[in-house]
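Asks: Return a 3D structure for these sequence lines:
(one chain, ligands or ions: 1)
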Amino acid sequence: MKVINLGTKEEACHYVSNELLKQIIENKNSVLGLATGGTMVRVYEQLVNLIRINEIDLSEITTFNLDEYIGIDYDHPESYYTYMHDVLFNHLPSWNEERIHLPNGSSENLQEEVIRYEKLIDEEGPIDIQILGIGENGHIGFNEPGTDFNSLTSVVGLTESTIEANSRYFEAVEEVPKEAVSMGIKSILKAKRIILLAYGPKKAQAIQKLLTGEVTTDLPASALYNHPNVEIILDNNAYLSETDKEKLDVID
Ligand SMILES: N[C@@H]1[C@@H](O)[C@H](O)[C@@H](COP(=O)(O)O)O[C@@H]1O
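Replies: Residues are numbered from 1 along each chain as shown. Here you go, the predicted model:
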C-alpha cells in the first residue's frame, strides 16, 4: 500500500482525476470503478475539464458505481444515479449510457439485482481503476464495520453513524435511506488498481486507524491491505503528523 499526502484537497483530487484521465487515454476501452460522496465532487469537476481540454471520446469506456440507496427512486435528487449524472455524466456528451452501470436500488427483486450486478462486473471487468472514498467509520462503498471481507454485491444496512454523516445531503436525518445495494469488499478487491481518496479533518480518525496497519473487519478499509496495488491519497488534514496523533489520543 502506498500512502501519499499531497498537502491540499485540490492537489489530492487532481492526482485522482489525472490518473483516471491517463487510464482513459491509455485504453479507450477502460473499465472505471466510480464512487460518490462529497469527496469525489471536485475529482469529477477536474476530470470533466481535462476530458474537454483533451477532446477525449468516452464512448467505449465502461463504468461501475460502488453503490446505490434503497428506498428512493433513481431520479431522487440524492440518489447516486442523480449525483453521477449531475456531477459527471451529463457534462460530457460522449459517455455511452449503456456502458454506465449503477446498482438499481429500486429493483423489485433485489436478490436478483445483486447477482446481476456482480455478474456484470465479472463479465465486463476487471475494473482497471477503482476509486474509493472512506466513511468516517472506515467504510468503503457502503460496507460497514463488521462486513465479511469475502462479501460480494449485496443489500446492506447503514449504521447510525453513516446515516448521521450522510444526513447533510438530505433535508432531515429521517429522510436518509437505511439500506443500500453495495459492491462487496471482495467485489472491490477484484479491481486491478485501487485509489482511495480522503481529505479533511473528519476523515483523520479513520485514516489514522487504517495506517496502524491492523487488518480487521472493524475497519472495512483495512481489507485494502490484502490487495497488491493500492494508493491512499491524502491532504494535510486527513494525514496526521505525530503531534496531531497525540492530540487525537487526548480527544479519544
Ligand atoms: N457510500 C458512500 C461512500 O462511497 C463514500 O466514500 C463515503 C464518504 O462520503 P463523503 O465523501 O461525502 O464524506 O460515504 C458514502 O456513504
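
Asks: which parts of the stretch 101-250 of the chain sit against the ligand?
Replies: Gly133, Ile134, Gly135, Gly141, Phe142, Thr162, Asn166 (C-beta under 6 Å from any ligand atom). Where you see a C-beta, it was placed from the backbone N, CA and C, and this is true even at glycine.

Asks: What are the boundaries of the helices in the stretch 51-200 of the chain?
Replies: 80-87, 110-124, 160-166, 185-189 (DSSP state H, counting those that start in this stretch).

Asks: Show me which of the residues of the stretch 101-250 of the chain next to the ligand is closest to the ligand.
Replies: Gly133 (2.5 Å; C-beta to the nearest ligand atom).

Asks: and that closest one, how many residues sit next to it?
Replies: 21 (other C-beta atoms under 10 Å).

Asks: again with Glu45
Replies: Glu45 has 15 nearby residues by other C-beta under 10 Å.

Asks: So it is in contact with Leu92, correct?
Replies: No: Glu45 is beyond contact range of Leu92, at 11.8 Å (criterion: C-beta atoms under 8 Å).

Asks: Spit out the contact partners of the closest residue to Ile51 other than its chain neighbours.
Replies: Counting by C-beta to C-beta, 6 or more residues apart in numbering, Ile51 lies nearest to Leu92, which is 5.7 Å off, once chain neighbours are set aside. Leu92 is in contact with Val48, Ile51, Arg52, Leu58, counting by C-beta atoms under 8 Å, 6 or more residues apart in numbering.

Asks: let's see it at 7 Å
Replies: Val48, Ile51, Leu58 (C-beta atoms under 7 Å, 6 or more residues apart in numbering).

Asks: now Thr159
Replies: Applying C-beta under 7 Å, 6+ apart, the residues near Thr159 are Asn137, Glu144.

Asks: follow-up on the earlier one: out of the residues of the stretch 101-250 of the chain next to the ligand, which sit inside strands?
Replies: Judged by DSSP state E, strands contain none of those.

Asks: Reformat those residues as CSV; add pLDDT.
Replies: Output for these, formatted as CSV (pLDDT from 0 to 100):
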residue, pLDDT
Gly133, 98
Ile134, 98
Gly135, 95
Gly141, 97
Phe142, 97
Thr162, 93
Asn166, 93
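
Asks: The stretch 1-150 of the chain: strands as residue ranges?
Replies: 2-5, 31-34, 62-65, 67-70, 100-101, 129-132 (DSSP state E, counting those that start in this stretch).

Asks: Just put those strands in TSV and tack on distance to Asp235.
Replies: Formatted as TSV, the strands of the stretch 1-150 of the chain follow (distance: least, C-beta to C-beta, whole Å):
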stretch	distance to Asp235
strand 2-5	7
strand 31-34	21
strand 62-65	24
strand 67-70	24
strand 100-101	29
strand 129-132	16
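
Asks: how many neighbours does Asp57 have?
Replies: Asp57: 14 neighbours (other C-beta under 10 Å).

Asks: Any figure for the gap between the nearest residue to it once chain neighbours are set aside and Gln205?
Replies: Excluding the flanking residues, the one nearest Asp57 by C-beta to C-beta, 6+ apart is Ser94, at 5.0 Å. Applying C-beta to C-beta, to the nearest Å, the value for Ser94 to Gln205 is 40 Å.
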